[in-house]
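S.K.: the sequence isn't on hand, but the structure is:
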């Protein structure tokens, strides 16, 4: 059993317990609710219900069970592993590959491949469906992500992301000519109140900050580097669209009729950096922009 302690502040007053846990750890809200239902979330040794309202100042104790026997089917999916040791794996995910199973998509995911590759050596913080997954990238976004092999590594890596100490740099091709050399987008993000399949800039949403720098201009298009300070769902896609420069090929937030024959957005998680959870060594990894992305850039350079 892995024990986690979360300290609530006055700013958390009034929040539901399951939401508080999800916002202040790498435990998903649904898994936090299950832990509450199982009597594994306590205050002063007494179990709390998921609907418990935070008052501020509490020390919430959470017992995370040891990994269950995974119900996920191991699949021999080729993985582009950039780095691996006994604590972490850095994987270069291709476009079109889902990170973890979901209703209607129970197989053929990165997690299925990781279970085959690692067996039971994956952290259990995110439950049975998302073993080892410290952070995610969208199905149609390519690039690097960190996977934890044990709970201790997972918690330390999650803390780095929460405290904004991990570095994540993306490369994206966006619509339109960005005139400035760079900037910062600081706009809160939440579920779109009209279309629940989408995220949106919403007043009162979770803080979201993206820094961007122009790398190359192509008249009607701009190649940018985006640096995440926070990591909200669809953050770069929503933020760039919010300033009038949606990502090329984005089916949700972009232009419906693109001139390129694309299978998804031109967004690549190119560089990732973090402090190794055991050795304390600063580690940084980069990956090449995928061929389909490069081909679009080459076409634009010839125009």
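M.R.: All right, it came through fine. Keep in mind the model is a prediction, meaning the values are calculated, not measured. Numbering: from 1, shown residues only.
S.K.: can you tell me what sits against stretch 257-264?
M.R.: Residues from elsewhere that reach stretch 257-264 (Cβ atoms under 8 Å, 6 or more residues apart in numbering): 95-96, 139-141, 248-251, 292, 296, 299. C-beta: built from backbone N, CA, C; applies to glycine.
S.K.: got the end-to-end distance for that stretch?
M.R.: 12 Å (Cα to Cα, to the nearest Å).
S.K.: mean confidence score for that stretch?
M.R.: The pLDDT scores in stretch 257-264 average 88.
S.K.: buried residues in that stretch?
M.R.: The neighbour-count check on stretch 257-264 (16 or more other Cβ atoms under 10 Å) flags 258, 262, 264 as buried.
S.K.: kindly report the same for stretch 27-42.
M.R.: Neighbour-count burial for stretch 27-42, with 16+ other Cβ under 10 Å as criterion, is recorded at 27-28, 31-36, 40-41.
S.K.: filter the residues you listed down to just the ones in helices.
M.R.: 31-36 (DSSP state H).
S.K.: farthest pair in these?
M.R.: Checking those against each other with Cβ to Cβ, the farthest-apart pair comes out as 31 and 36, at 9.9 Å.
S.K.: distance to residue 12 for the buried residues of stretch 27-42 - can I get that in TSV?
M.R.: Formatted as TSV, the entries for these read as follows, by distance: Cβ to Cβ, whole Å:
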residue	distance to residue 12
27	15
28	18
31	19
32	14
33	17
34	21
35	18
36	16
40	20
41	15
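S.K.: can you pick out the most distant pair from those residues?
M.R.: Spatially, the most separated pair among the buried residues of stretch 27-42 is 28 and 40, at 14.6 Å (Cβ to Cβ).
S.K.: nearest to residue 78 among the ones in helices among the buried residues of stretch 27-42?
M.R.: Compare each of these with residue 78 using Cβ to Cβ and the shortest gap goes to residue 31, at 29.0 Å.
S.K.: isn't that closest one right next to residue 126, touching?
M.R.: Yes - with contacts counted by Cβ atoms under 8 Å, residue 31 reaches residue 126, the gap being 6.5 Å.
S.K.: residue contacts, residue 243?
M.R.: The contact partners of residue 243, by Cβ under 8 Å, 6+ apart, come to residue 185.
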